[in-house]
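[1] Fold the following, please.
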Amino acid sequence: MAKLSERLKFLREKKNWSKVQTAKYLGLKAPSTYGNWEYGLREPDLEMVAKIALLYGVSIDYLLGENDLPTYELLHHKTSPDISIYIEAICDKLKTQTDLFLGKKELSEATQDYLVESLHFSLKQAEKLNKL
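    Here you go, the predicted model:
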């Protein structure tokens, strides 16, 4: 489950938590357990996956890579005309997916970061123009 390990790392870093902190929040006795999940060496059981989803405020489907929208709440807004939901989903995909291409060339990490920053900047500018 490569998606799970990628998303665990992404969500932890988004919160600015260390692996040790995250392991503590999940009630793990050994911090290395969480690290092994992030490295893809081991996988948490279903009960722990549910606990992780609750900790990060995301759906289990998102953690497992079955859905690119982090929460069911966003999924219900899928038909909403609010473009910011789609832009955030694109940014999350750019941050977590490693096999993305632009034309025929694979995106470098620097290009992915640039696109995410550009999308966030554009969204902020659009909100100012729209007086949100």
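
[2] drop to CA atoms for contacts and neighbour counts, all remaining ones
    Fine.

[3] So residue 17: helix, strand or coil?
    coil (DSSP: H, G, I helix; E, B strand; the rest coil).

[4] how close does it get to residue 26?
    Look at residue 17 and residue 26: by Cα to Cα, to the nearest Å, they are 12 Å apart.

[5] show me where this structure has helices.
    For the chain, the helices defined by DSSP state H cover 2-14, 19-25, 31-38, 46-56, 60-63, 72-76, 83-96, 109-129.

[6] Need the ones you listed in a markdown table (columns: distance to residue 103 and mean neighbour count).
    Formatted as a markdown table, the helices of the chain follow (distance: least, Cα to Cα, whole Å; neighbours: other Cα atoms under 10 Å):
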| stretch | distance to residue 103 | mean neighbour count |
| --- | --- | --- |
| helix 2-14 | 23 | 18 |
| helix 19-25 | 36 | 17 |
| helix 31-38 | 30 | 18 |
| helix 46-56 | 34 | 15 |
| helix 60-63 | 27 | 20 |
| helix 72-76 | 29 | 13 |
| helix 83-96 | 15 | 17 |
| helix 109-129 | 13 | 14 |
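
[7] Nearest to residue 102, out of those?
    Among these, the nearest to residue 102 by Cα to Cα is helix 109-129 (9.6 Å).

[8] Chain neighbours aside, what residue packs nearest to residue 11?
    Spatial nearest neighbour of residue 11, chain neighbours left out: residue 56 (6.9 Å); criterion: Cα to Cα, 6 or more residues apart in numbering.

[9] Number of residues surrounding residue 29?
    By other Cα atoms under 10 Å, 11 other residues sit near residue 29.

[10] surely residue 31 meets residue 20?
    Yes. Between residue 31 and residue 20 there is a contact at 5.1 Å, judged by Cα atoms under 8 Å.
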